[in-house]
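In: Here is my input; please provide its structure:
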Amino acid sequence: MHAMAGQYLARGHEPVLVVPGRRDAVSLVDGVRVVSLAAPRVPFSGGYRAVVQPGKMRGLLETIAPDRLEVSDRTTLAGLGDWAREAGVPSLMMLHERVDGVLRSWIPGAADGRPAAGAGAAVTPRLADWYNGLTLPRFDRLVATTQFAAGEVERLAARSRGVALPPLYRVPLGVDLERFRPDRWSAQARAEYAPPGTALVVLASRQSTEKRPDLAIDAAAQLVRDGRPVRLVVAGAGPLLPAMRRRAEAAGVPHRFLSFVRDRDRLATLLAAADVVVAPGPIETFGLAALEALASGTPVVCSSTSALPEVVGTAGAAAAPDPAALALALHEVLDRDVDERRKAARARAELFPWSATGDAMMELHSRRAYDLRPDAGLDVGRR
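Out: Predicted coordinates for the structure are as follows:
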């Protein structure tokens, strides 16, 4: 959200970010006004907060008086589309997750991204369709960051006869190509995390259920059993962090857990030092951390059930969300020529500059809501 706001600011607009926080506050960050609304943490979510006073949010919007509204929360803020319509403000909903994927991640045995078995297989898409049919028509348009993210909306459109969905657009997110770059690699930086002759595997992810960090640990354990020297470094905090530490120790994986890395430059240096980044999340709808790794010149191994294959392309490998399959993909990527894999990773990331995302969103915002036709979708996906 902040990167997008920066794009709008650079084009002469006045973006205002409204985000949930520990307390009500207003700050200026890199020239962007950020309004925090006091919001409680969502239990078992890995740290997310949710606005539980939508009336307070509506009152804030009355004060700000925006001429465009973007909403990135599909839960407690879904009703803001109604506010925008009443106020005559064009609105859009950013589809940063799939409802069916989130539901599936909480069904026992279905969190691996594969179709749920039994009752869950039928209930999950129906429940997602019901919820999407109730909330998405409140907005003038929808924006998905990948084809995978757009999938459940396209399914609803194909199945539904009585729901008039807004036009759907696909606009990929971007990456900071100046901060995340290959020349941050150095022998000294690499030696901080792994000794020479050891494959440095990095997981940059929140430690929560839907991200499946256990898959990365188990895949690294398989590499160790296969005789490849490995060091696993995990950047990210969350409710599963203590359990993941214990899992790595029990599996005999040489490891280092950094928890949340607040210093973005330190994170960029870590990603550049890595030999490969593993992104096992089976329901990821884009994967910013993976794109940051590519920009750093580091290939990515990801789950084939997510949107990440669309982002990574051939600058890495995709495998089923299974430790053995991911381990094979890690072996394959690590066996590639180092210079070639680093060049391929950077070249892939250069297809996703934030400026292209900003151009696409400005084009979208320049269109009047009532000029949009059901077939007027804007697809600027980079392949």
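In: so residue 295 touches residue 349, yeah?
Out: Yes: Residue 295 is within contact range of residue 349, at 3.7 Å (criterion: CB atoms under 8 Å). The way it works is simple: take the backbone N, C-alpha and C, and place the C-beta from them, glycine included.
In: residues shared between the contacts of the two?
Out: Counting by CB atoms under 8 Å, 6 or more residues apart in numbering, the residues touching both residue 295 and residue 349 are 175, 177, 180.
In: In which helix or strand does residue 278 reside?
Out: Taking DSSP states H and E as the criterion, residue 278 maps to strand 276-279.
In: other SSEs contacting the following helix or strand past that strand?
Out: Where DSSP H and E defines the elements, the next helix or strand beyond strand 276-279 is helix 288-295. Counting contacts by 3 or more CB pairs under 8 Å, 6 or more residues apart in numbering; DSSP states H and E, helix 288-295 is packed against strand 199-204, helix 264-273, strand 276-279, strand 300-303, helix 308-312, helix 338-349.
In: I'd like these laid out as JSON lines, including distance to residue 33, mean pLDDT and mean neighbour count.
Out: As requested, these are arranged in JSON lines below (distance: least, CB to CB, whole Å; pLDDT from 0 to 100; neighbours: other CB atoms under 10 Å):
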{"stretch": "strand 199-204", "distance to residue 33": "29", "mean pLDDT": "98", "mean neighbour count": "24"}
{"stretch": "helix 264-273", "distance to residue 33": "21", "mean pLDDT": "98", "mean neighbour count": "20"}
{"stretch": "strand 276-279", "distance to residue 33": "33", "mean pLDDT": "98", "mean neighbour count": "29"}
{"stretch": "strand 300-303", "distance to residue 33": "34", "mean pLDDT": "98", "mean neighbour count": "29"}
{"stretch": "helix 308-312", "distance to residue 33": "30", "mean pLDDT": "97", "mean neighbour count": "25"}
{"stretch": "helix 338-349", "distance to residue 33": "30", "mean pLDDT": "98", "mean neighbour count": "18"}
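In: These: which one's closest to residue 19?
Out: Among these, helix 264-273 comes nearest to residue 19, with 17.7 Å by CB to CB.
In: check which helix or strand covers the nearest residue to residue 10 once chain neighbours are set aside.
Out: Closest residue in space to residue 10, ignoring its immediate chain neighbours: residue 358 at 7.3 Å, by CB to CB, 6 or more residues apart in numbering. Assigned by DSSP H and E, residue 358 belongs to helix 354-366.
In: re the thing from before, so what does the strand holding residue 278 touch, helix or strand wise?
Out: With contacts taken as 3+ CB pairs under 8 Å, 6+ apart, strand 276-279 sits against strand 199-204, helix 213-225, helix 288-295, strand 300-303, helix 323-334.
In: residues making contact with that strand?
Out: Taking CB under 8 Å, 6+ apart as the rule, strand 276-279 contacts 199-205, 216, 219-220, 271, 287, 289-290, 293, 298-303, 306, 308, 316, 326, 330, 333-334.
In: List the strands paired with that strand, with their directions.
Out: When sheet partners are counted by DSSP bridges, strand 276-279 sits next to strand 199-204 (parallel), strand 300-303 (parallel).
In: before we move on, back to that, want to throw the helices and strands packed on helix 288-295 into CSV with distance to residue 52?
Out: Converted to CSV, the helices and strands packed on helix 288-295 look like this (distance: least, CB to CB, whole Å):
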stretch, distance to residue 52
strand 199-204, 30
helix 264-273, 30
strand 276-279, 31
strand 300-303, 32
helix 308-312, 32
helix 338-349, 38
